[in-house]
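S.K.: everything below, folded, please.
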Amino acid sequence: MIDLTTLSTYLVVVLGLFLIPGPAVLLVLTRTAQGGRKTGIMTGLGIALGDSIHALLAAVGLSAILMTSALAFNIVKIVGAGYLIYLGVRALLEKRGDSSAPIVQNLSPMKAFLQAVPAEILNPKTALFFLAFFPQFVHPEQGSSLMQFTILGAIFCGTRHFIYHNSGVYRPAIRHIA
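M.R.: Modelled structure (predicted):
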């Protein structure tokens, strides 16, 4: 099993990562403002699924393959940035009513969830974490590597959800600013 020193160091690194807002936080804030708390939570769950996929890929060794191939890693970064730009441009080009008051389009919670999964899978910040840092916390001499990857991945997803929930990221306060 994972020893306490490794686990506490991992938690400090994960918390440090979450203190620096990135594309995932911006996506959750945007979706929460567009569709309310439920849509924000579904976006967060989509991001958690994306994080789980990263953890699974790390567990089966695909992270190591990406880490050794600069071309493959750059392709993931470019596709991820392109997807986020695509979502932003689509939002900008949506039909607007009166130009003096921007209209915030509602987005169904399921659509927000489905958009969040690929956005997080292609998120360069998350990819870098799972490629560079995540495998360093798995020690085969401490038991099943797959189990360690699973536990650490669950801690990552649970910590992110806990922080989003308790920091107000899911609160749709932005909607009421006018």
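S.K.: and residue 19, how many neighbours does it have?
M.R.: The local packing of residue 19 (other Cβ atoms under 10 Å) involves 8 other residues. Using the backbone N, CA and C atoms, a C-beta is placed for each residue, glycine as well.
S.K.: over to residue 122?
M.R.: Residues near residue 122, counting by other Cβ under 10 Å: 20.
S.K.: please tell me the pLDDT value assigned to residue 120.
M.R.: Confidence at residue 120, expressed as pLDDT, is 91.
S.K.: I meant residue 101, not that one.
M.R.: Reported pLDDT for residue 101: 48.
S.K.: among the helices and strands of the protein, which has the poorest mean pLDDT?
M.R.: None of the helices or strands of the chain scores lower by mean pLDDT, DSSP states H and E than helix 62-68, at a mean of 63.
S.K.: for this structure, which residues score under the pLDDT cut-off?
M.R.: Counting by pLDDT under 70, the chain shows low-confidence ranges at 62-68, 73, 76-77, 80, 84, 91, 94-106, 167-178.
S.K.: swap the cut-off to 50 and go again
M.R.: Along the chain, the model assigns pLDDT under 50 to residues 101, 173-178.
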